[in-house]
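Enquirer: I need the structure of the sequence given here:
(3 chains)
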Amino acid sequence: MKTHLRIRLLLAVLTCLSYSLVEAKASRPAEENDEYAANYASQPRFRALLHYEPGAEEAHVQFDKQAINFFRRLTYGDGWTLDVTTSLADYPYERLKDYSVVISLNAMPGGKSQREAFEKYMENGGGWMGFHASAYNDRNTNWPWFNRFLGCGPFYCNNWPPQPALVECNQEHPVTVSLPQSFVAPASEFYQWKPSPNENPDVEVLLSISQKMYPFGLKDVVKWGDFPIVWTNTKYRMLYLNMGHGDEAFIDATQNLLFVNALRWVVSQDPHGDPFQK
Amino acid sequence: MKTHLRIRLLLAVLTCLSYSLVEAKASRPAEENDEYAANYASQPRFRALLHYEPGAEEAHVQFDKQAINFFRRLTYGDGWTLDVTTSLADYPYERLKDYSVVISLNAMPGGKSQREAFEKYMENGGGWMGFHASAYNDRNTNWPWFNRFLGCGPFYCNNWPPQPALVECNQEHPVTVSLPQSFVAPASEFYQWKPSPNENPDVEVLLSISQKMYPFGLKDVVKWGDFPIVWTNTKYRMLYLNMGHGDEAFIDATQNLLFVNALRWVVSQDPHGDPFQK
Amino acid sequence: MKTHLRIRLLLAVLTCLSYSLVEAKASRPAEENDEYAANYASQPRFRALLHYEPGAEEAHVQFDKQAINFFRRLTYGDGWTLDVTTSLADYPYERLKDYSVVISLNAMPGGKSQREAFEKYMENGGGWMGFHASAYNDRNTNWPWFNRFLGCGPFYCNNWPPQPALVECNQEHPVTVSLPQSFVAPASEFYQWKPSPNENPDVEVLLSISQKMYPFGLKDVVKWGDFPIVWTNTKYRMLYLNMGHGDEAFIDATQNLLFVNALRWVVSQDPHGDPFQK
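Expert: Numbers count the residues shown, from 1 in each chain, chains lettered A, B, ... in the order given. Next up is the predicted model:
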């Protein structure tokens, strides 16, 4: 693949040069004449660390395995490096800081030292992309920093069973600019939080379950409330996505695009520079 | 799962109480302060009976098996009870009447006694959700009540092969309020009926194949006609969905949401009370 | 299936006749009263030849196998005939000319004689539907006719890895009239061409990657440029679709409808007459 693409790149550059000599269209911006329209990586652009809990509930592990496959495919051609772990205990701050992003699949830092390493990582410009139960917290969690980081209160309630839901997008963000104004997200269990992320002025909510879904559920019926499911706390380089329960998260191209956009945006904000412009 | 959710419920209620003590936001409706936003079932809310014919044509059985899996997943956590049968002969009226809804997958009541039991069930407030060939009837069917029940004439024509189709939604119904104005439904064979359900003033049509699909088909080409595919005859607690041929009915989140909404709505109209408000 | 459908057709015609006798609604167009709304084929309407290269790169063969399955299903009921080959060497012009359409999956005519046969076929009213690498050409291709046929220059650049993309439709064509104004196409590698098909006045572009996707890619990042991915060169009976890399091309009902529409339209323009009106 790599060799194949290098040859392609070479051919493309040659072609580009020959055309620019022949055509020299004055009506286009200078950059389009002078520069190749694409930027091909010659080495991995960034490193990501993904962690999950193989002992989590079955529907969470189903999602985790599909998500690992999804992210693994995005590394094809060695555009970036994905390390996968089941234990953050092996990742003190000194190791974490070499990653542009930590991807949390239904898992969170476990004990005191893991939490401290993660806090230090995030407070020093680290990147985070969390799914579903990675943000689940309640009265037993005892981690006040985590709620300041998430920008909301603890878990409040959920629909049950997992089912598809109409979601509405705030399209004024790089993560959602290429998404439709609304779409039906594939089946998942969705969580409400209290206080809601919408009550925090530092939070930018990107996707919410539509109010048209109420009453929402067959067993556990959510009756009202604003219902953000994807947001960023602008005080950190982080994005939370509430999807992540069961084996249907990757059946929909629109939601898959959301996931790619989310990864790309968190990484592009790296304080060491946007790796996609290298 | 059940225990897990009970603990969650308990935690959520405790959290809710503590927040309502601390916050007491006067600007919200009273109910949102005083009451938990979700209603969790402590026992199955309703009973559903699903029937299908294992000896039907292959593409119908493909759909049936996927549909059974789809509905089974919606029962996770014992929010409701799903009984599956291949023979309505075992279900006289006295048994049928305990079900909030009968789900017919490409099958209809067979002989005289099954038909009589079904008629009595539906005339006495029973609920029905039928797919595809469950409504197929022609000059040999000899069941005039069934056409009055469906609200339309017999099968008239179909596209072939199964293929996706642009459909348009009447969004003014609880079943379709959370669906887009139009979407592309996954591959199926679709039936026209004559007279069309649209000619019956008691019928509310919820989805139709778009006129933009004409001419529609590669082998059997439907050339014109109004083309309802999901409707309810408001004289009964029923909803018919024409999808149900082949193995692609559940690849699309939007159509899956339609199916969940349809089940939920038929059940919610139960004359014994809306089970989702229990 | 065939017998089953013939009986259905007979019943439908009888039903139609009986209703038209009873109803005779003067308000409808005459044709709707007098004529059956569907046209059922009694023999295959046309012949298609599909070719692919089993030795191509893995992600291309993945697509090819799924595409063969997709088109095979569209022949169910013998509405048309699909021949599949891995070598166009067996298809001189005299054989090609009996096909209403040649479907090229990530493959193009190989040597001089294959190219000459294909040229003669297309110059004499042949039909073509090409996917992905079937149009890939660069400085080494040495086939100037092919670029005149495609209506654009050689391959210029691509995104990498394969990912979903927001696409915009020109809805003023039979292929796209039943598609939404925009949708998210499933994961693929997409190619830009230079000069772009948009610069050719004979080309009608039907789908383009949205400008909202820029910068587009994680490894190979496309930064700008107009980005047509489906078009027809109106000088030929041809349609090119850039999708065709990996195993996700058929997960989306909207894109599947595009593929069916594309096949149907190319075939319907056959200079020997529209086979769907037979």
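Enquirer: Can you give me every residue that contacts the residue of chain A found nearest chain C?
Expert: Nearest residue of chain A to chain C, counting by CB to the nearest CB: A:Gly79, 2.4 Å away. From N, CA and C alone the C-beta is placed, and that goes for glycine too. A:Gly79 makes contacts with A:Ala41, A:Pro44, A:Arg45, C:Trp160, C:Pro161, C:Gly217, C:Leu218, C:Lys219, C:Asp220, as judged by CB atoms under 8 Å, 6 or more residues apart in numbering or on different chains.
Enquirer: any idea which of the residues you listed has the most stuff around it?
Expert: The most crowded member of those, judged by other CB atoms under 10 Å in any protein chain shown, is C:Gly217 (27 neighbours).
Enquirer: Need the nearest residue in space to that residue, chain neighbours excluded.
Expert: For C:Gly217, ignoring the flanking residues on the chain, the nearest one in space by CB to CB, 6 or more residues apart in numbering or on different chains is C:Asn159 at 3.9 Å.
Enquirer: Run through the residues that contact the one you found.
Expert: Counted by CB under 8 Å, 6+ apart, C:Asn159 has contacts A:Ala38, C:Ala165, C:Glu189, C:Phe190, C:Phe216, C:Gly217, C:Asp220, C:Val221, C:Val222.
Enquirer: Relative to chain B, how far out is the fourth one?
Expert: Counting by CB to the nearest CB, to the nearest Å, the gap from C:Phe190 to chain B is 21 Å.
Enquirer: And for A:Tyr214, the neighbour number?
Expert: Counted with other CB under 10 Å, A:Tyr214 comes out at 16.
Enquirer: shouldn't it be in contact with A:Leu166?
Expert: No. Contact criterion CB atoms under 8 Å: A:Tyr214 and A:Leu166 do not qualify, at 10.8 Å.
Enquirer: returning to what we had before: filter the contacts of C:Asn159 down to the buried ones.
Expert: Among these, those classed as buried by 16 or more other CB atoms under 10 Å in any protein chain shown are A:Ala38, C:Ala165, C:Glu189, C:Phe190, C:Phe216, C:Gly217, C:Asp220, C:Val221, C:Val222.
Enquirer: Return the member of those nearest to A:Leu263.
Expert: Taking CB to CB as the measure, A:Leu263 sits nearest to C:Gly217 out of the buried ones among the contacts of C:Asn159, at 12.2 Å.
Enquirer: I'd say the closest one and C:Trp160 touch.
Expert: Yes. Assessed by CB under 8 Å, C:Gly217 is found in contact with C:Trp160 at 5.7 Å.
Enquirer: So the closest residue to chain B within the stretch 1-150 of chain A: helix, strand or coil?
Expert: When scored by CB to the nearest CB, the stretch 1-150 of chain A has A:Asp138 as its residue closest to chain B, at 4.6 Å. Classification of A:Asp138 by DSSP: H, G, I helix; E, B strand; the rest coil places it in coil.
Enquirer: Number of residues surrounding it?
Expert: 17.
Enquirer: circling back to that earlier point, now, which of the buried ones among the contacts of C:Asn159 sits nearest chain B?
Expert: Nearest member of the buried ones among the contacts of C:Asn159 to chain B, counting by CB to the nearest CB, is C:Ala165, at 17.2 Å.
Enquirer: tell me the contacts of the closest residue to A:Asn170 other than its chain neighbours?
Expert: Spatially, and ignoring its direct neighbours in sequence, A:Asn170 is nearest to A:Leu206 (5.3 Å; CB to CB, 6+ apart). Contact analysis of A:Leu206 by CB under 8 Å, 6+ apart lists A:Cys169, A:Asn170, A:His173, A:Val175, A:Thr176, A:Val230, A:Trp231, A:Thr232, A:Leu239.
Enquirer: show me the residues around the residue in chain A positioned nearest to chain B that make contact.
Expert: Residue nearest to chain B within chain A (CB to the nearest CB): A:Lys219, separated by 2.4 Å. A:Lys219 is in contact with A:Trp160, A:Pro161, B:Tyr40, B:Ala41, B:Arg45, B:Gly77, B:Asp78, B:Gly79, B:Trp80, counting by CB under 8 Å, 6+ apart.
Enquirer: go on, A:Pro228?
Expert: A:Trp193, A:Ser196, A:Pro197, A:Asn198, A:Val203, A:Val205, A:Leu207, A:Ser208.
Enquirer: now swap in A:Phe216 and tell me
Expert: A:Asn159, A:Ala165, A:Ile209, A:Val222, A:Lys223.
Enquirer: can you do 7 Å?
Expert: A:Asn159, A:Val222 (CB atoms under 7 Å, 6 or more residues apart in numbering or on different chains).
Enquirer: beta partners for it?
Expert: On the basis of DSSP bridges, A:Phe216 is bridged to A:Val222.
Enquirer: okay, it: pLDDT?
Expert: pLDDT, A:Phe216: 98.
Enquirer: Can you show me the strands along chain A?
Expert: Secondary structure of chain A (DSSP state E): strands located at A:38-40, A:47-52, A:81-85, A:101-105, A:127-131, A:155-158, A:163-169, A:182-188, A:191-193, A:203-209, A:220-222, A:228-233, A:237-241.
Enquirer: could those strands go into CSV alongside mean pLDDT?
Expert: Listed next are those as CSV, based on pLDDT from 0 to 100:
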stretch, mean pLDDT
strand A:38-40, 97
strand A:47-52, 98
strand A:81-85, 98
strand A:101-105, 98
strand A:127-131, 98
strand A:155-158, 98
strand A:163-169, 98
strand A:182-188, 98
strand A:191-193, 98
strand A:203-209, 98
strand A:220-222, 98
strand A:228-233, 98
strand A:237-241, 98
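Enquirer: can you list the domain ranges for chain A.
Expert: A:2-34, A:47-277 (automatic domain parsing).
Enquirer: Most tightly packed of the ones you listed?
Expert: Between the domains of chain A, domain A:47-277 has the highest mean count of neighbours, a mean of 20, where neighbours are mean count of other CB atoms under 10 Å in any protein chain shown.
Enquirer: contacting residues around A:His173?
Expert: A:Glu204, A:Leu206.
Enquirer: do A:Asn242 as well
Expert: A:His132, A:Phe190, A:Tyr191, A:Ile229, A:Val230.
Enquirer: let's see 8 Å
Expert: A:Phe131, A:His132, A:Ala135, A:Ser188, A:Phe190, A:Tyr191, A:Ile229, A:Val230.
Enquirer: how about low-confidence regions in chain A?
Expert: A:1-34 (pLDDT under 70).
Enquirer: And the helices in it?
Expert: A:2-23, A:30-34, A:58-74, A:93-96, A:112-123, A:144-150, A:253-268 (DSSP state H).
Enquirer: What parts of the stretch 151-278 of chain A come near chain B?
Expert: A:153-166, A:182-187, A:192, A:194-195, A:210, A:212-213, A:215, A:217-225, A:248, A:251-252, A:255 (CB under 8 Å from any CB of the partner chain).
Enquirer: wait, A:Ala117 sits on A:Ala89?
Expert: No. In this structure, A:Ala117 is not within contact of A:Ala89 by CB under 8 Å, at 9.3 Å.
Enquirer: Switch the contacts of A:Pro228 over to a markdown table; also include distance to C:Asp274.
Expert: Output for the contacts of A:Pro228, formatted as a markdown table (distance: CB to CB, whole Å):
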| residue | distance to C:Asp274 |
| --- | --- |
| A:Trp193 | 58 |
| A:Ser196 | 57 |
| A:Pro197 | 56 |
| A:Asn198 | 56 |
| A:Val203 | 57 |
| A:Val205 | 51 |
| A:Leu207 | 45 |
| A:Ser208 | 48 |
